[in-house]
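>>> sequence and predicted structure are below.
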Amino acid sequence: MKTLVLLCLLGVAYCAPQLGDRDVAKDEESIEPFEFSMAVNDDENTVYTTRQESQDSNGVVQGEYSWVAANGIRYIVTYTADALNGFQSQIREEPTDIVVRVPVPQPEFQKRR
């Protein structure tokens, strides 16, 4: 039984991906700048959210996201992330005149017997 367990462990270790020196260097050099953004403005369901993020060629990420909470306050999170300072964020609150509609639970359909 001990031999079987040992063989299983060796098989798992043998199947694990091996990270060679070339793969490490390739990952370090593969910083590619990007930029994206999205926004949802759903008046019917009172869902309002945004997000935008970018990364420069040095790997510094900057972004912001926001949402309107049930109390009508828009929360805005601005952040940066880099190898030197790590992840840094700031949160702002912005009052709005949005009245968020809370969904009303619907009764489940009666199951027929």
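Yes, it's here.

>>> what's residue 81 sitting at in phi/psi?
phi -150, psi 130 (degrees, to the nearest 10).

>>> which stretches of the protein form helices?
Chain-ordered helices for the chain, with DSSP state H as the definition, fall at 2-15, 21-29.

>>> tell me, which of those helices is the model least confident about?
Taking each of these in turn, the one with the lowest mean pLDDT is helix 21-29, at a mean of 55.

>>> pull the contacting residues for residue 66.
Residues counted as contacts of residue 66 (CB atoms under 8 Å, 6 or more residues apart in numbering) are 48, 49, 50, 51, 74, 75, 76, 77. (C-beta placed from N, C-alpha, C; glycine too.)

>>> residues contacting stretch 98-112, please?
So stretch 98-112 is contacted by 45, 46, 48, 68, 69, 70, 71, 72, 74 (CB under 8 Å, 6+ apart).

>>> give the closest residue to residue 83 in space, chain neighbours not counted.
Nearest residue to residue 83 in three dimensions, chain neighbours excluded: residue 59, at 6.3 Å (CB to CB, 6 or more residues apart in numbering).

>>> how many neighbours does the one you found have?
If you count neighbours by other CB atoms under 10 Å, residue 59 ends up with 14.

>>> tell me the pLDDT of it.
The model reports residue 59 with a pLDDT of 92.

>>> now do it against residue 86, distance only.
12 Å (CB to CB, to the nearest Å).

>>> now do the contacts for the residue nearest to residue 40 when sequence neighbours are not counted.
Leaving aside its chain neighbours, residue 40 sits nearest to residue 49 (4.8 Å; criterion: CB to CB, 6+ apart). Residues near residue 49 by CB under 8 Å, 6+ apart: 39, 40, 65, 66, 67, 68.

>>> if we use 10 Å, what do you get?
Residues touching residue 49, when contacts are defined by CB atoms under 10 Å, 6 or more residues apart in numbering, comprise 38, 39, 40, 41, 42, 65, 66, 67, 68, 74, 75.

>>> now these: which count as buried?
Members of the contacts of residue 49 that pass the buried threshold by neighbour count (16 or more other CB atoms under 10 Å) are listed as 65, 66, 68, 74.

>>> farthest pair in the residues you listed?
Farthest-apart pair in those is 65 and 68; separation 12.0 Å (CB to CB).
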